[in-house]
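Enquirer: kindly return the folded structure for what I paste below:
(2 chains)
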2 protein chains.
Amino acid sequence: MENFTYKNSTEIRFGTDRIDNEIHDAVAQFGDKVLLVYGGQSIKKSGLYDRVIDQLADLQITELSGIEPNPKINSIREGQKLAKENDIDVILAVGGGSVIDASKVIASAKFYDSDPWDLVVQANGADRMKLDQVPLVDILTLSATGTEMNFGSVISNPETHQKLGTSGPNSPAISFLDPTLTYTVSKWQTAAGSMDIMSHLIEQYFNHTTTNDASSGMIEGLMRSVIKWAPVALKEPENYDARANLMWTATMALNGIVRSGNEGGWTVHGLEHELSAYYDITHGVGLGILTPRWMDWVIATEPKTVARFAQFGRQVWNIQGKDDTEVAQAAIKTTYDWISSLGFPMTLPGVDIKDETNFEAMAEGAIKSSALDKVAYVPVHKEDAISIYRASM
Amino acid sequence: MENFTYKNSTEIRFGTDRIDNEIHDAVAQFGDKVLLVYGGQSIKKSGLYDRVIDQLADLQITELSGIEPNPKINSIREGQKLAKENDIDVILAVGGGSVIDASKVIASAKFYDSDPWDLVVQANGADRMKLDQVPLVDILTLSATGTEMNFGSVISNPETHQKLGTSGPNSPAISFLDPTLTYTVSKWQTAAGSMDIMSHLIEQYFNHTTTNDASSGMIEGLMRSVIKWAPVALKEPENYDARANLMWTATMALNGIVRSGNEGGWTVHGLEHELSAYYDITHGVGLGILTPRWMDWVIATEPKTVARFAQFGRQVWNIQGKDDTEVAQAAIKTTYDWISSLGFPMTLPGVDIKDETNFEAMAEGAIKSSALDKVAYVPVHKEDAISIYRASM
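Expert: Sure thing, here's the model as predicted:
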């Protein structure tokens, strides 16, 4: 088990019937100049926009809407301008991971005087960790990324085909997690979000530290929660227990707890960020396609990993078998079948990636931006990355 | 799944080789008047006392030693006096759960002008939640109670035969968790601490909320960690992975994460606190004796609980069986055997409680102070409590 430091001061307010009573004071404690950040029309259609605006009537609201999935640097630039012009005290983000991710970087960009893309790539001397950050309150509407209780954001730059992670010094001050707000999430987005949760757990489970059973055990339990409840949420969108388990599991999967004491891991996200950067596909769908192919590649490349996949099979999927190899292979097949059962296209052509044109550039990009040749569970070199993309055709 | 609020700002600094480099700044950031709280001679024998004092040479140290297991209100009274007289800025607690529990209450008592027992029983208008609290830094030397990352303390008053829980507004500011500091913990205390961890997990697992799979899954995984590593730590006291897993599992078992979204539970602690209050036995040993008897009583009293015990058997103990009843019964027997294998006396006479003299008073006390007739997994009334004590003879 590795040394680690863990501190996370985000306040989670989980459950129903809280937003209308609590959102005003949660925001107003930080000041009265509010930047309200959201995506498209869905929070207006659902009535959530009106509920929030009604509560905040005595505050000065500036709005930034139109945050897209795979949030783009141009939205951050616009937010930076609004934050500076209006000298905002607090950001209220209402939406899914993209809205919150963008809001976190805007929270830093208010205190930066040049292009905020510098803050993402840490170019030109920019260092988010040394900048102040506007407090962030959020109302989460999609269970997926875990950004509601961590320090990270993933921002895309379509001009440079880059999709990169960045961290700031603070996680959100307060996150409202109301599972009923996810009742209207489409089947496609519910499936993609669930796959994102499952992938975060897989990425951290397959790491270099073999002796951290506290972490392994928690991850196994959280995986069983996603596996059980994602299909229920797809079938019964208004099943509270399904939505609640997915929401809290998503948060726990990426708030730093389950990785504490571990080292390395994280391969498929690096490979997928390239897919999203080049083709702007839904992140969770890319993960669903790549994950089982990466698993096949791992046990073929490094037979010592079979024991871990066998543990995964036994503890997560309750697979019995005659030996580790049989259980490991069954676990990968069962993982594939579960992903497929969520309704995903299980190949890249299924998301309109029909040829290998960009595979080489994507492989190079993934290795460079995610250090897959160094930190991944099994090191991935350029030819390996290409072969995993190819196996997904 | 129930509504909940979760916020915990304790910074965990986990691992080896950190204290000598980090303890000075961790403490001094809060001021230079330090109350150093510890137990007996063990931190002097081990050299930890000298290591700490050497680092803090430029600070003004006031010492409070002699904190006993099941910390007594007299120690708090003494700490209150020292904290006021020396106007301390920060408390550094070096020890196990008792030392940290006492320090938390002293941290409040500095700001209270009457007997601190009021703060424990909330008598005479005392309200710890409204009092300021001195920041607390701790160096943990025993894996057991989880106090290093929560808001609670348990304090005993030998005059009134009361052992009561109390919460303050703040958890420790910084907790140093160095597994090597537990290498010298005796077999008896290692076993008792491991049982305390296991009991915290059991108490929260058997609760009224049946649909929180995120919580259930994490608890099951943490239980497997204790079950696996406690025997290793007993056999090989300097096995780092064993000590590290026990330490982090202890913290995770009671930092509020795994109970989030659940309601009720907690029976055996209430029953055990009476044993400790009347006979001053080791808390974990009392839990080890009572837990399997409580389990037997539960499935006999409320057959609907068999399904949960069967899940416990399958996910925690990997028991297969023909039906839920068989798996549930085997799970209880396996739990008993595991506790026994840690080297516990498995009866009350084994800890010198040889007659039933106090059972009635203890039963009344447990129900009153822990509301066992209302919040327990299966409600416990006076005759039930007596029967569980009797089954432990």
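
Enquirer: please, where are all the strands along the stretch 101-250 of chain A?
Expert: A:136-140, A:152-157, A:162-167, A:174-177 (DSSP state E, counting those that start in this stretch).

Enquirer: could you pull up the mean pLDDT of the last one?
Expert: Over the span of strand A:174-177, the pLDDT mean works out to 98.

Enquirer: keeping just the C-alphas, turn it into CSV.
Expert: Presented in CSV, the C-alpha positions along strand A:174-177 are these (Å, rounded to 0.1, in the frame of the first residue of the first chain):
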residue,chain,number,x,y,z
ILE,A,174,-21.5,22.2,-2.0
SER,A,175,-23.0,19.6,-4.4
PHE,A,176,-26.7,18.9,-4.4
LEU,A,177,-27.4,15.3,-5.5
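
Enquirer: which other helices and strands contact that strand?
Expert: Contact here means 3 or more Cβ pairs under 8 Å, 6 or more residues apart in numbering or on different chains; DSSP states H and E; on that basis strand A:174-177 packs against strand A:4-14, helix A:19-28, strand A:136-140, helix A:240-253. C-beta here means a position set from N, CA and C on the backbone, and glycine is covered the same way.

Enquirer: can you rerun that using 10 Å?
Expert: strand A:4-14, helix A:19-28, strand A:90-95, strand A:136-140, helix A:240-253, strand B:4-14 (3 or more Cβ pairs under 10 Å, 6 or more residues apart in numbering or on different chains; DSSP states H and E).

Enquirer: for A:G350, which of these is the nearest?
Expert: Within the helices and strands packed on strand A:174-177, the stretch nearest A:G350 is helix A:240-253; the backing value is 23.8 Å (Cβ to Cβ).

Enquirer: the helices and strands packed on strand A:174-177: which one's closest to B:G221?
Expert: Closest among the helices and strands packed on strand A:174-177, using Cβ to Cβ: helix A:240-253, at 11.6 Å.

Enquirer: how far does the helix or strand just after the closest one sit from the chain's center?
Expert: Per DSSP states H and E, the first helix or strand lying C-terminal to helix A:240-253 is helix A:268-279. Taking Cα atoms, centre = their mean, to the nearest Å, the mean C-alpha location of helix A:268-279 is offset from the chain mean by 13 Å.

Enquirer: before we move on, the earlier item: pick the most deeply packed of the strands of the stretch 101-250 of chain A.
Expert: strand A:136-140 (a mean of 27; mean count of other Cβ atoms under 10 Å in any protein chain shown).

Enquirer: relative to A:P69, how far out is A:G284?
Expert: 10 Å (Cβ to Cβ, to the nearest Å).

Enquirer: swap that for A:A191, sorry
Expert: The gap separating A:A191 from A:P69 is 14 Å, by Cβ to Cβ.

Enquirer: between the two, who's got more neighbours?
Expert: A:A191 (24 against 20; other Cβ atoms under 10 Å in any protein chain shown).

Enquirer: and that one, how close does it get to B:V316?
Expert: 30 Å.

Enquirer: tell me how far the residue nearest the centre of chain A lies from A:V99.
Expert: Nearest to the mean C-alpha position of chain A, by Cα atoms, centre = their mean, lies A:T145 at 2.5 Å. The gap separating A:T145 from A:V99 is 10 Å, by Cβ to Cβ.

Enquirer: give me the contacts around stretch A:346-357.
Expert: A:275, A:278-279, A:281-282, A:285-286, A:288-290, A:292-293, A:336-337, A:339-340, A:344-345, A:359, A:362, A:386, A:389-393 (Cβ atoms under 10 Å, 6 or more residues apart in numbering or on different chains).

Enquirer: would you mark the buried spots in stretch A:44-61?
Expert: A:L48, A:Y49, A:R51, A:V52, A:Q55, A:L56, A:L59, A:I61 (16 or more other Cβ atoms under 10 Å in any protein chain shown).

Enquirer: state the pair within those that is farthest apart.
Expert: Most distant of the buried residues of stretch A:44-61, by Cβ to Cβ, are A:L48 and A:L59, 17.0 Å apart.

Enquirer: show the contacting residues for A:Y6.
Expert: So A:Y6 contacts A:255-257, A:259-261, B:10-14, B:149, B:175, B:177, B:248, B:251, B:255 (Cβ under 10 Å, 6+ apart).

Enquirer: if I look at the closest residue to A:M129 other than its chain neighbours, what pLDDT would I see?
Expert: Once flanking residues are discounted, A:M129 sits nearest to A:P169: 5.3 Å by Cβ to Cβ, 6 or more residues apart in numbering or on different chains. Per-residue confidence (pLDDT) for A:P169: 96.

Enquirer: A:P169 contacts A:L136, correct?
Expert: No: with contacts counted by Cβ atoms under 10 Å, A:P169 stays clear of A:L136, the gap being 11.9 Å.

Enquirer: need the residues touching each of these two.
Expert: Common neighbours of A:P169 and A:L136 (Cβ under 10 Å, 6+ apart) are A:A107.
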